[in-house]
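Colleague: okay, sequence plus prediction incoming.
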Amino acid sequence: MAMRRHPLIPSAGSIAQQQWSPYPVRSVLGLIALIVLAGGIVLQFLTILSGVSTSTPLQHVYFLESTTNGISGGSGMVRNPSRWTFFAICGAENGNNANCGNVVPALPFDPPRNFGTENNVPETFIGTKKFFYLSRFMFAFYLVALFFAVIAFFTSVLAICTRLGAYLTGLNAAIAFFFQTLTAALMTAWTVIGRNNFRAAGQDAHLGTYAFGFTWAAMACFLISTVLFCVGGSVGKDESRNTKSSYFGRKRSTRSRGSFIDNESQRRVKDEYD
């Protein structure tokens, strides 16, 4: 004979469903995304501050290095080799940045302009503005990506607690990822083409490992954080269909506990009379 469950006693499945809450999962995902996002911002700062200081680890960060054999007669000092960083053109000493020039905001990569002469400068750099615009837009997009990444960092506190905060932070992180991707693409374009042009002219040129690593790693961090923030926002979405959610993520049941007990009590009385 099968035993009937008392109508006022909830089943084990319903108890487990009531005890499960999406908030711990959302908090863990938000915290992990916050750490990854912060790592990407740190990598951005390490790249942007190159050329401002030669202290560790900034002395290793540069975009392109090339020898300048035979290039002379410019209005400024031509370093041999020369390293293009975010804010200045530096020399090299023991593998580190040294003897950096004046700090110039959004320093363009334009060898005739940088050296102040066209004497023995590779011809592919003369009479063109291609490298100037590629590098200038890269610098601008770098700052835009940093701006949205910092905004996402501040709003990430809400992402740990609420679905709306998670989606809002994910949007900011996605915008930072978009502009960081443009930045990485433009950086790769002008540095690789510039290296090849210097090498074709007989110079010894190579790319900056740290600048490339930091830039592309920051892009990866923003992508991962965007996914984690959005996943955190989607946690508990199915449960919210049967509940009314406030803008701050607190759920209020559409069916009160008192009405549930009253209905069950009326059902028991009816069964007794039947």
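Modeller: Done, it's in.

Colleague: quick one: list the elements packing against the longest strand seen in the chain.
Modeller: Looking across the chain with DSSP state E, the single longest strand is strand 89-93. Helices and strands touching strand 89-93, by 3 or more Cβ pairs under 8 Å, 6 or more residues apart in numbering; DSSP states H and E, are strand 82-84, strand 96-98. Placement of C-beta: from N, CA and C, glycine included.

Colleague: which residue is nearest the middle of the protein?
Modeller: Phe222 (2.7 Å; Cα atoms, centre = their mean).

Colleague: which ones are touching the closest residue in space to that one that isn't next to it in sequence?
Modeller: Distances taken as Cβ to Cβ, 6 or more residues apart in numbering put Phe177 closest to Phe222, at 3.7 Å, once the chain neighbours are dropped. Taking Cβ atoms under 8 Å, 6 or more residues apart in numbering as the criterion, Phe177 is in contact with Ala145, Met219, Phe222, Leu223, Thr226.

Colleague: helix or strand: which one has Phe177?
Modeller: helix 163-200 (DSSP states H and E).

Colleague: any idea which helix or strand comes after that helix?
Modeller: Immediately after helix 163-200, counting by DSSP H and E, sits strand 205-207.

Colleague: any idea of the pLDDT on the residue nearest to the centre of the chain?
Modeller: pLDDT, Phe222: 97.

Colleague: also Asn94?
Modeller: Looking at Asn94, the pLDDT reads 88.

Colleague: burial of it, as a residue count?
Modeller: For Asn94, the count of nearby residues is 6 (other Cβ atoms under 10 Å).

Colleague: the one 10 residues further on too?
Modeller: Taking other Cβ under 10 Å as the neighbour definition, Val104 ends up with a count of 13.

Colleague: and Asn97, by the same measure?
Modeller: Asn97 is flanked by 25 other residues according to other Cβ under 10 Å.

Colleague: just Ala201 next, same as before
Modeller: Applying other Cβ under 10 Å, we find 19 other residues in the vicinity of Ala201.

Colleague: look up phi and psi at it.
Modeller: Dihedral pair for Ala201: phi -90, psi 10, per degrees, to the nearest 10.

Colleague: that one contacts Pro122, correct?
Modeller: Yes: with contact defined as Cβ atoms under 8 Å, Ala201 reaches Pro122; the gap is 3.9 Å.

Colleague: buried residues in the longest strand of the chain?
Modeller: For strand 89-93, burial by neighbour count (16 or more other Cβ atoms under 10 Å) applies to Ile89, Cys90, Gly91, Ala92.

Colleague: then stretch 120-140?
Modeller: Buried, per 16+ other Cβ under 10 Å, within stretch 120-140: 120-122, 124-125, 131-132, 134-139.
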